[in-house]
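Trainee: Next input, structure requested:
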Amino acid sequence: MKRKKSVRFFLLLPIIDQLINEGYTQQSIVEKLQMDHELDLNLNTFKSYLYRYRSQDKKTQEESYSNKPKTETSSGFLSSFQDAEKKENDLEESKAISLADRQGMKGDISRSRAKAKELLDSLSLSKLKIDQ
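Mentor: Residues are numbered from 1 along each chain as shown. Predicted structure coming up:
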C-alpha cells in the first residue's frame, strides 16, 4: 500500500531541510521530489506541508520548554544591573583574597592589622631615635 503524500513528505523532511539550507528554491525542491522520490506535489501543497511541519515543530519546542523545570530568573533593567554589580563584587573579593594570599596574610584581618600597627610603631620609634 502506498503511503499518503503528507506522510512521505514528512519522511523526506531531512532531505528537504538540507536542500533549503543549500539554497534551492521551493519550486526546484518540488521538482526534485517529483523526479527523485516520485512525490507528486504542486508548489502550494509543498508550502502547506512545510508550514504545517514548521508550526508543529514550534509547538513541540514550546511544549518541551514548558515541561522543563523553571529556574529562578528575574528580568528587567534593575535585575541585570544587580547581576552585574554582584559579579563585580565577587571579582573584587576574589582579587582581594588572592592578593592577601600572595602577601602571606592568611588568617583573620585583626591579626594582619596588628602586624601592620607594630610595623608602623617600630618605624616611628626608629625614626624618632634617628632624629634625636
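Trainee: so where's this structure shaky on pLDDT?
Mentor: 1-2, 61-84, 87-112, 124-132 (pLDDT under 70).
Trainee: Give me the neighbour count for Lys47.
Mentor: Neighbour count of Lys47, defined by other CB atoms under 10 Å: 13. Glycine gets a C-beta too; all of them are placed from N, C-alpha and C.
Trainee: my bad, Ile29
Mentor: Around Ile29 there are 20 residues (other CB under 10 Å).
Trainee: Likewise for Gly23?
Mentor: Gly23, neighbours per other CB under 10 Å, totals 7.
Trainee: Let me know the secondary structure of it.
Mentor: Secondary structure state of Gly23, per DSSP: H, G, I helix; E, B strand; the rest coil, is coil.
Trainee: if I pick it, what's in contact with it?
Mentor: By CB atoms under 8 Å, 6 or more residues apart in numbering, the contact set of Gly23 is empty.
Trainee: Just want the phi and psi numbers for it.
Mentor: The phi and psi values for Gly23, taken as degrees, to the nearest 10, are phi 100, psi 10.
Trainee: Could you measure from it over to Ile29?
Mentor: 11 Å (CB to CB, to the nearest Å).
Trainee: Pull out the buried positions in stretch 15-32.
Mentor: Neighbour-count burial for stretch 15-32, counted by 16 or more other CB atoms under 10 Å, picks out Ile16, Leu19, Ile29, Val30.
Trainee: Restricted to strands, list those.
Mentor: Residues of the buried residues of stretch 15-32 located in strands (DSSP state E): none.
Trainee: Counting only helices, which of the residues you listed make the cut?
Mentor: Under the assignment DSSP state H, the buried residues of stretch 15-32 contribute Ile16, Leu19, Ile29, Val30 to helices.
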